[in-house]
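Undergrad: Output the structure for:
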Amino acid sequence: MRLLGRKGTRSQMSTIQLPAEVAEMTARLIEDILDRDASNQLWIAITESAEVRESLGPRAADALADVCSLLEGHDLSDRIDRPPRPSKIIDRALHESLVIHPSEKSQRQHKLASVLGRILHLFEGDQTAEAISRVTEQASIETFPDLCSQADACAASLQLKMPRIHIARGEEKLFAPCMDKSPFVCLHLDYVFARPCVQHEERSIHMQPSELRAALGHQFEHIKSGHTPLLQLTDERLEALVLDQVPFLVRAPIRIASKAIGMTGANKAVKKVGDWLPDHSRSQRVVDTFGDLLPDRDQETILPDMVHDWVRSWIRGVEFSADRASLVVSGNAAAACSALIHLSEPFAKHHDLFRRNGLQSMLSADNEDDHAALERLRELVRFALSADYLTYISAGD
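TA: Now for the predicted structure:
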């Protein structure tokens, strides 16, 4: 591993200067990753022009070639199966500037969300995570040497104390961070070891080392940044945990009052008042927020929809950040996207198509089964094409 100290932080590194033609094509792909002309032109420029490769430097050129291969399917399986590169150590400043996604940074309440998740976990814990930790096998260097070696590399890269790794053997194909007394990662044995498929419909979920490195990096980022407790909460469990802290005799009146206020349409009336106030004024923001907090006629939960929407937007942002971590610790865009597809149940069935023809063919085939995974794939490709990532990957050339 190569330590990035003070000179390795983004503020200290000079941003990579892309040749004009490469900058234009990467900008087009960031705008639309299904732009086949741009990906083909970028592939030709990188593979056939020694001048372009020399201008970019070997690591940035290889990183862009990985993205083109990912999109178009050029030698994609070979790139996914390539052994993981040594991981650089990500110090705090570089982690903040490179890994944390802007949608997570823009709402600093994500820090509050992490604290909220820990507090709620302390009150009640998580019976599912407790059961998982009790019935699964904890991996060790003696029983799973390759897995533990990969996990050690990821933890060291993210400057994280090595979490426990648990191996599941049940029907549910787990690969997720969990929070019992402390955070741990649980993954199914089939992700680590290939086994023959006994049914025609069954699909192998075995991951190559580079895919496993990326998947572990994603989960370790959740643990490092304290995301795990709140990620385990559904809307219903979040509400139950909050209401459990309210005295029993008060709970029923709260439910009745919430329903009654919703039936009056008070939230709509308050929002109309906000429309009369000057646009973007402090008073309008206060009134609009108050209107959002009031129960709605169609509201199914007691907590305002605004609270649940905030938690969902927070989860969206931290998933983007964890995807960035998967790319940073693996250094392989093809492997990072392949791991993401593996772990999306609706997308996983298209994994063979992805390996053969690339991401553009898979996404252009009207694959709208998992909107969240689709958005994450697009965002991960944008990050792999960004000047920030290319500057990071080319440090030391």
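Undergrad: tell me the contacts of Cys178?
TA: 126, 128-129, 132-133, 166, 184-186, 228, 232 (CB atoms under 8 Å, 6 or more residues apart in numbering). Backbone N, C-alpha and C define where each C-beta goes, glycine included.
Undergrad: what's the answer for Asn332, then?
TA: By CB under 8 Å, 6+ apart, Asn332 lies in contact with 66, 79-80, 82, 84-85, 210, 213-214.
Undergrad: how far away is it from Gly170?
TA: Distance, Asn332 to Gly170, by CB to CB, to the nearest Å: 30 Å.
Undergrad: list the contacts for Leu174?
TA: 132, 168, 186-188.
Undergrad: how about CSV for these, with secondary structure, neighbour count and pLDDT added?
TA: Compiled in CSV, those are given as follows (DSSP: H, G, I helix; E, B strand; the rest coil; neighbours: other CB atoms under 10 Å; pLDDT from 0 to 100):
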residue, secondary structure, neighbour count, pLDDT
Ile132, helix, 20, 87
Ala168, strand, 20, 93
Cys186, strand, 21, 94
Leu187, strand, 25, 94
His188, strand, 18, 93
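Undergrad: Out of the contacts of Asn332, which one has the lowest pLDDT?
TA: In terms of pLDDT, the weakest of the contacts of Asn332 is Arg85, which scores 82.
Undergrad: Shouldn't that one be within a helix?
TA: No - secondary structure of Arg85, determined by DSSP: H, G, I helix; E, B strand; the rest coil: coil, with no helix assignment.
Undergrad: show me what contacts it?
TA: With CB under 8 Å, 6+ apart, Arg85 has these contacts: 330-332.
Undergrad: any idea how far Leu385 is from it?
TA: Distance, Arg85 to Leu385, by CB to CB: 18 Å.
Undergrad: picking that back up, check the contacts of Leu174 against Arg59 and report the nearest one.
TA: Within these, proximity to Arg59 (CB to CB) peaks at Leu187, which comes in at 29.7 Å.
Undergrad: State the distance from the closest one to Trp43.
TA: Counting by CB to CB, the gap between Leu187 and Trp43 amounts to 34 Å.
Undergrad: same deal with Arg28?
TA: Distance, Arg28 to Trp43, using CB to CB: 13 Å.
Undergrad: next one: Leu374
TA: Separation of Leu374 from Trp43 (CB to CB) stands at 23 Å.
Undergrad: Restricted to buried residues, select the contacts of Cys178 in ChimeraX.
TA: In ChimeraX, a selection of the buried entries from those looks like this (16 or more other CB atoms under 10 Å):
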select :126,129,132,133,166,184,185,186,228,232
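Undergrad: okay if I get the contacts of Cys178 as JSON lines plus secondary structure and distance to Ile100?
TA: Formatted as JSON lines, the entries for the contacts of Cys178 read as follows, by DSSP: H, G, I helix; E, B strand; the rest coil; distance: CB to CB, whole Å:
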{"residue": "Asp126", "secondary structure": "coil", "distance to Ile100": "25"}
{"residue": "Thr128", "secondary structure": "helix", "distance to Ile100": "28"}
{"residue": "Ala129", "secondary structure": "helix", "distance to Ile100": "25"}
{"residue": "Ile132", "secondary structure": "helix", "distance to Ile100": "28"}
{"residue": "Ser133", "secondary structure": "helix", "distance to Ile100": "28"}
{"residue": "His166", "secondary structure": "strand", "distance to Ile100": "27"}
{"residue": "Phe184", "secondary structure": "strand", "distance to Ile100": "23"}
{"residue": "Val185", "secondary structure": "strand", "distance to Ile100": "20"}
{"residue": "Cys186", "secondary structure": "strand", "distance to Ile100": "25"}
{"residue": "Thr228", "secondary structure": "helix", "distance to Ile100": "16"}
{"residue": "Gln232", "secondary structure": "coil", "distance to Ile100": "21"}
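Undergrad: Just give me the closest of the contacts of Cys178 to Arg312.
TA: Proximity of those to Arg312, judged by CB to CB, is greatest for Gln232, which lies at 14.4 Å.
Undergrad: Hmm, Pro183 and the closest one touching each other?
TA: No - contact criterion CB atoms under 8 Å: Gln232 and Pro183 do not qualify, at 10.4 Å.
Undergrad: then stretch 352-370 to CSV, C-alphas only?
TA: The C-alpha trace of stretch 352-370 is given here as CSV (Å, rounded to 0.1, in the frame of the first residue of the first chain):
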residue,chain,number,x,y,z
ASP,A,352,-24.2,-12.7,-17.6
LEU,A,353,-25.6,-10.2,-20.2
PHE,A,354,-23.6,-7.5,-18.5
ARG,A,355,-20.3,-9.5,-18.6
ARG,A,356,-20.8,-10.3,-22.3
ASN,A,357,-22.0,-6.9,-23.7
GLY,A,358,-21.3,-4.2,-21.1
LEU,A,359,-23.3,-1.9,-19.0
GLN,A,360,-24.8,0.2,-21.9
SER,A,361,-26.4,-2.9,-23.4
MET,A,362,-27.8,-3.9,-20.1
LEU,A,363,-29.2,-0.5,-19.3
SER,A,364,-30.6,0.2,-22.7
ALA,A,365,-32.7,-3.0,-22.6
ASP,A,366,-35.3,-1.2,-20.5
ASN,A,367,-34.0,-2.7,-17.2
GLU,A,368,-36.0,-0.6,-14.8
ASP,A,369,-36.4,-3.4,-12.2
ASP,A,370,-34.3,-1.6,-9.6
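Undergrad: who touches the host helix or strand of Leu377?
TA: Here Leu377 is covered by helix 371-385, with elements defined by DSSP states H and E. By CB under 8 Å, 6+ apart, the surrounding residues in contact with helix 371-385 are 26, 29-30, 33, 63-64, 66-67, 70-71, 101, 316, 319-320, 323-324, 326-327, 333, 336-337, 340-341, 344, 346-347, 359, 363, 367-368, 389.
Undergrad: mind redoing it with 6 Å?
TA: 26, 29-30, 33, 67, 319-320, 323-324, 333, 337, 344, 347, 389 (CB atoms under 6 Å, 6 or more residues apart in numbering).
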